[in-house]
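Chemist: here's my sequence, what's the structure:
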Amino acid sequence: MPDPSVSDALKEAWSIAPASEIILPTVELRHPLFVDDDGNPDSISVVRDWTDLAATIEASAPVKGGQVVTFRAFAFEIALPPIENAPTPEIDVAIDNVDMRIVENLDLAIADGNKIEICFRPYLVSDLSGPQMIPPPTFTLSDVRVDSRTARGKARLDIDLSGVFPRRVYTAREFPGLIGL
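Modeler: Numbering: from 1, shown residues only. Alright, predicted model coming up:
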């Protein structure tokens, strides 16, 4: 997965937190069985706020790329993993006060067995023309549990550990300074 490029505006909002700039975290849940009323691919998009949010998603998004999407207002929490030596860190995700649409879609996805993806996109209130991280980080959701009030799961990055690290191989031909005199 490529490293997401964080916008300068988001870096500024994180570092100095101006009162006029509000960061709106959003998540999108994707699964092959999530479809709209016309049978087109759809997703569940939520924003952690009191009101719904209409914002443009990145053009490369697998569902509704480049379109204005309505993120429905829900309370959700993303808890970062503790620092440990686990091979694949997990992030706890919970969406509170879920409605029947979310419950029904997640029940279908759990029964189906295909992976559920969760994509995190931060937006700035001053710029809803696109997310502030490109590409936005996408995780695989597992251990999903849904009841009448809350949907919970564990999110893991799909990390390919079969390649070299770091990705770039530094060779003496390209970097002659690596060879001693």
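Chemist: for the rest of this, base every contact and every neighbour count on C-alpha atoms.
Modeler: Fine.
Chemist: for the chain, just list every one of the helices.
Modeler: 8-16, 100-112 (DSSP state H).
Chemist: return the most buried member of the ones you listed.
Modeler: helix 100-112 (a mean of 15; mean count of other C-alpha atoms under 10 Å).
Chemist: would you mind measuring from the closest residue to residue 171 other than its chain neighbours to residue 169?
Modeler: In space, and not counting its chain neighbours, residue 171 is closest to residue 178: 7.7 Å by C-alpha to C-alpha, 6 or more residues apart in numbering. From residue 178 over to residue 169 the distance is 12 Å, taken as C-alpha to C-alpha, to the nearest Å.
Chemist: picking that back up, got the helices of the chain as JSON lines, with distance to residue 122 and mean pLDDT columns?
Modeler: Shown next, in JSON lines, are those (distance: least, C-alpha to C-alpha, whole Å; pLDDT from 0 to 100):
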{"stretch": "helix 8-16", "distance to residue 122": "8", "mean pLDDT": "74"}
{"stretch": "helix 100-112", "distance to residue 122": "21", "mean pLDDT": "91"}
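Chemist: dump those helices to JSON lines, plus distance to residue 91.
Modeler: Compiled in JSON lines, those are given as follows (distance: least, C-alpha to C-alpha, whole Å):
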{"stretch": "helix 8-16", "distance to residue 91": "20"}
{"stretch": "helix 100-112", "distance to residue 91": "18"}
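Chemist: and these: which comes nearest residue 30?
Modeler: With C-alpha to C-alpha, the closest approach to residue 30 among the helices of the chain belongs to helix 100-112: 9.3 Å.
Chemist: chain center to that closest one, what's the gap?
Modeler: Put simply, helix 100-112 sits 19 Å off its chain's centre (C-alpha atoms, centre = their mean, to the nearest Å).
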